[in-house]
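S.K.: Here's a sequence, model it:
(chains A and B, ligands or ions: 2)
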Amino acid sequence: MTSVTIENMDLTIDKKDILKNINLELMSGKITTIIGPNGCGKSTLLKTVSNIIQAGEGSVYINDLDIRRMKSKALAKKVAILSQKNRLQYDLKVRDLVSFSRYPYLRRFQGLTADDHKIIDWALRETGADEFSGRMMSELSGGQAQRVWISLLLAQGSDVLLLDEPTTYLDIHHQLETLNIIRDLNKKTRQTVVMVLHDINQALKYSDEIVVMNRGEIVRCGTPADVLTNDILNEVFNINGRITTDPVTGKPVLSDYELFCRTVNGRAL
Amino acid sequence: MKDGWLVLLLCIFVGVSFFAAMMFGVENYSLGKVVDTLSPGGELDRAGGILYEIRLPRVVAAFLAGLMISISGLIMQTVTHNDLSEPSILGVNAGANFAIVAATLVLPVLSFAAMLTAGFLGGLVVGVIILFVTRFRSPIHLILAGAGISLFLYAVTDFLVITNNLGQYLAFFTSGGAAGVSLGQLGVIAPVAAVVIVILYVLSKELDVFLFGEEMAASLGQNQRMYQVITLVCAVLLASMSVAIVGNVVFLGLLVPHIVKMIAGYMHRWTILYTGLFGGALFMLSDMAARMLNETPVNAIIAMIGLPFFIYIIRTRGRKYA
Ligand SMILES: Nc1ncnc2c1ncn2[C@@H]1O[C@H](COP(=O)(O)OP(=O)(O)O)[C@@H](O)[C@H]1O
Ligand SMILES: [Mg+2]
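M.R.: Ligands and ions are numbered 1, 2, ... in the order given. Presented below is the predicted three-dimensional model:
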């Protein structure tokens, strides 16, 4: 089990506050989903946890160790991130791409070991990407490519998986397929998962905990039932919804929604 | 395996190019004569003398230069995340060229090693300026800054050359060409090039990780800045040594890596090798053609061969990249 704690984090870029006083303890072994409007800092928050962007103030602790004091490869063994824009500039064979996830474990002059290959095979199988592991990335559909990227994340062998909008650009079938893969894996491996989703119902359905962000701040954080209130929907998304309980799962759902007040380009009419 | 066959094929291409380049030029010699001259022992007649003293250094210089320029281009493309990078576009050649001319003016009897050092420092300074100005960010800025600095430095270099009547002596620097290189000079360059290429080989895995872009490389835990600096210094060293022996060769550093990547993919443990061999062979042939066509500037030859290839790449690459 790996614990992740974010303490008093502030980030200012070009005099603009991107993250404001973020305090968050991730539930280890569980799925946490961040929701919030475009540009509220979700991606930036994930990047600071994997140290791609360095926080201005405050710290991220992995197992009580400040990530700024960890070697970059040691951190990569703990935290893996799937970026929102994971487009390849160059075409690669699926398996070759996934094998790069073992980079943090490689020593100079040493290729992949038998163990590395085993982990890569396992990661490809878990997402079903083994079916097309010999194909080129450019030949894959969006859903297939996403499975490869998740395999890459898995093969990195990290306890903490950060997924930035893993369902964006996928049709509804592949969105659910991707989310099911993530949930099933989480059940099996007990990795800590943090993802960013835009669909509120999907967030409710797949998460143990939901973090609501707005303008660089965490507005609310709790179980799906805790965060799904019309106050939050009004304030953060400027929408009003009909919140009901699904008769089968007993979980809250947003059964219909409309703009809270009519707007054009975010401005009230 | 595909890669094994490619190595074999390229080695044959290099061999054929070498003997062709030895045979054909202002005067043509038979294959037997070339083999005779190159085999150990025996007296050299007049033709043998020309072959051994003049043509051999020139052909070897062409091979080495083509190899260095092409590998330098490959590395620059990878490290700057920019498919258009190569030593002349980034201004490294102009920097090396300027520094060599300036150093020759200050100290007319410069040793070859000192000239190389001046070239390296000139290339490095320009490379650092460009990367500092553009901070690795935008491909467009990189190209614009490189083109701007190049034009400026060539203007200044031309001014120095003309005002000091160095035209004869330095003309070849701007047109590119392997004439007048001695085996002794190659003996200085070859070991340095070998060491640099070994370093690049050792770092080939790091170069591969660069291909994924900064964010992903960071998330895999790569110490990017360090490897960027080491590999770029290597690339500048190769480019500036090539400037010292054949002047500013354009286009080759762009063309060769792209052809190799289209055929053989992107993994550097292979592309470094392929790019080096293919670039070396291509430059030997270009230099041979230059000799046969009345010493046409080799840049013109490369442009003539290269442009059709280049247009082909531009038209097809949109589909080739994921
Ligand atoms: N490199 C950067 N430089 C300056 N501003 C940035 C940079 N990256 C993101 N931002 C700004 O930070 C804010 C948060 O961005 P982001 O984290 O991508 O939002 P989200 O993922 O929630 O849509 C946005 O206002 C964006 O304009
Ligand atoms: Mg985002």
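S.K.: which ones are touching the nearest residue to residue A:208 once chain neighbours are set aside?
M.R.: Nearest residue to residue A:208, sequence neighbours excluded (C-beta to C-beta, 6 or more residues apart in numbering or on different chains): residue A:30, at 3.9 Å. For every residue, glycine as well, the C-beta is placed using N, CA and C. By C-beta atoms under 8 Å, 6 or more residues apart in numbering or on different chains, the residues touching residue A:30 are A:186, A:192-193, A:208-209.
S.K.: Tell me the residue of chain B that sits nearest ligand 2?
M.R.: residue B:215 (12.3 Å; C-beta to the ion).
S.K.: Neighbour count, pLDDT and secondary structure added to the contacts of residue A:30, as CSV?
M.R.: CSV is the format used below for the contacts of residue A:30 (neighbours: other C-beta atoms under 10 Å in any protein chain shown; pLDDT from 0 to 100; DSSP: H, G, I helix; E, B strand; the rest coil):
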residue, neighbour count, pLDDT, secondary structure
A:186, 18, 94, helix
A:192, 24, 95, strand
A:193, 26, 96, strand
A:208, 14, 95, coil
A:209, 20, 95, strand
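S.K.: in what helix or strand does residue A:242 lie?
M.R.: If you go by DSSP states H and E, residue A:242 is part of strand A:239-245.
S.K.: Could you do residue A:24 as well?
M.R.: strand A:16-26.
S.K.: Note down every partner strand of that strand and its orientation.
M.R.: strand A:4-13 (antiparallel) (DSSP bridges).
S.K.: Okay, buried residues for the partner strand please.
M.R.: A:4, A:6-7, A:9, A:11 (16 or more other C-beta atoms under 10 Å in any protein chain shown).
S.K.: got the residues of the stretch 1-150 of chain A near ligand 2?
M.R.: A:43, A:84 (C-beta under 5 Å from the ion).
S.K.: same thing but at 6 Å, please
M.R.: Counting by C-beta under 6 Å from the ion, the positions of the stretch 1-150 of chain A adjacent to ligand 2 are A:42-43, A:84.
S.K.: which one of these is nearest residue B:9?
M.R.: Comparing these against residue B:9 with C-beta to C-beta places residue A:84 closest, at 42.0 Å.
S.K.: ok, what's across the strand from the closest residue in space to that closest one that isn't next to it in sequence?
M.R.: Leaving out its chain neighbours, the residue that sits closest to residue A:84 by C-beta to C-beta, 6+ apart is residue A:164, at 4.1 Å. Note on residue A:164: beta-bridge partners residue A:196, judged by DSSP bridges.
S.K.: Was I right to think the residue of chain B closest to ligand 2 contacts residue A:87?
M.R.: No - at 11.0 Å, residue B:215 does not count as touching residue A:87 under the criterion of C-beta atoms under 8 Å.
S.K.: For chain A, which segments are assigned as helices?
M.R.: For chain A, applying DSSP state H gives helices covering A:42-49, A:72-78, A:94-99, A:114-127, A:142-155, A:172-189, A:200-206, A:224-227, A:230-232.
S.K.: mind listing what the residue nearest to the spatial centre of chain B touches?
M.R.: The residue lying closest to the centre of chain B (C-alpha atoms, centre = their mean) is residue B:69, at 1.4 Å. Residues in contact with residue B:69 (C-beta under 8 Å, 6+ apart) are B:86-87, B:238-239, B:242, B:249, B:252-253, B:256, B:279, B:283.
S.K.: Okay, helices next: where are they in the stretch 1-150 of chain B?
M.R.: In the stretch 1-150 of chain B, the segments counted as helices under DSSP state H, counting those that start in this stretch are B:2-23, B:31-38, B:46-49, B:56-79, B:92-106, B:112-134, B:139-163.
S.K.: how about those, which one is nearest residue B:189?
M.R.: Here helix B:56-79 is closest among the helices of the stretch 1-150 of chain B (C-beta to C-beta), at 6.3 Å.
S.K.: My read is that residue B:302 contacts residue B:284, right?
M.R.: No - using C-beta under 8 Å, residue B:302 is not in contact with residue B:284; the gap is 12.0 Å.
S.K.: who's more crowded, these two?
M.R.: residue B:284 (29 against 26; other C-beta atoms under 10 Å in any protein chain shown).
S.K.: Let's test this: mean pLDDT of the one helix or strand the more buried one maps to, rounded?
M.R.: Following DSSP H and E, one finds residue B:284 within helix B:268-292. Mean pLDDT, helix B:268-292: 94.
S.K.: what packs against that helix?
M.R.: helix B:2-23, helix B:56-79, helix B:183-202, helix B:204-210, helix B:252-264, helix B:298-320 (3 or more C-beta pairs under 8 Å, 6 or more residues apart in numbering or on different chains; DSSP states H and E).
S.K.: which parts of the longest one are buried?
M.R.: If I follow you right, that is helix B:56-79. Under 16+ other C-beta under 10 Å, the buried positions of helix B:56-79 are B:56-79.
S.K.: Next: the first one.
M.R.: Within helix B:2-23, the residues that qualify as buried are B:6, B:10, B:13-14, B:17-23, counting by 16+ other C-beta under 10 Å.
S.K.: Identify, from those residues, the entry nearest to chain A.
M.R.: residue B:6 (16.2 Å; C-beta to the nearest C-beta).
S.K.: Mind pulling up the pLDDT for that closest one?
M.R.: For residue B:6, pLDDT reads 91.
S.K.: what's near enough to touch it?
M.R.: B:263-264, B:270, B:274.
S.K.: where's the residue in the stretch 201-322 of chain B positioned nearest to chain A relative to residue A:179, distance?
M.R.: Minimum separation of the stretch 201-322 of chain B from chain A (C-beta to the nearest C-beta) falls at residue B:221, amounting to 3.1 Å. When distance is defined by C-beta to C-beta, to the nearest Å, residue B:221 is 27 Å away from residue A:179.
S.K.: check contacts around the residue in chain A that chain B sits nearest to.
M.R.: Nearest to chain B in chain A, going by C-beta to the nearest C-beta, is residue A:76, at a distance of 3.1 Å. Neighbour list for residue A:76: A:103-104, A:156, A:158, B:219-221 [criterion: C-beta under 8 Å, 6+ apart].
S.K.: could you redo the last one with a cut-off of 7 Å?
M.R.: A:104, A:156, B:219-221 (C-beta atoms under 7 Å, 6 or more residues apart in numbering or on different chains).
S.K.: neighbours around the spatially closest residue to residue A:17 that is not a sequence neighbour, how many?
M.R.: Closest residue in space to residue A:17, ignoring its immediate chain neighbours: residue A:216 at 5.5 Å, by C-beta to C-beta, 6+ apart. By other C-beta under 10 Å, 22 other residues sit near residue A:216.
S.K.: Show the pLDDT at residue A:216.
M.R.: At residue A:216, pLDDT is 94.
S.K.: Was I right to think it contacts residue A:43?
M.R.: No - contact criterion C-beta atoms under 7 Å: residue A:216 and residue A:43 do not qualify, at 11.8 Å.
S.K.: Give the buried residues for the helix holding residue B:284.
M.R.: Buried residues in helix B:268-292 (16+ other C-beta under 10 Å): B:268, B:270-291.
S.K.: ok, residue B:14 - contacts?
M.R.: Residue B:14 neighbours (C-beta under 7 Å, 6+ apart): B:277, B:280-281.
S.K.: Check it and give its pLDDT.
M.R.: 97.
S.K.: ditto for residue B:64
M.R.: Note on residue B:64: pLDDT of 97.
S.K.: Pick out the residue of the stretch 51-200 of chain A closest to ligand 2.
M.R.: residue A:84 (4.8 Å).
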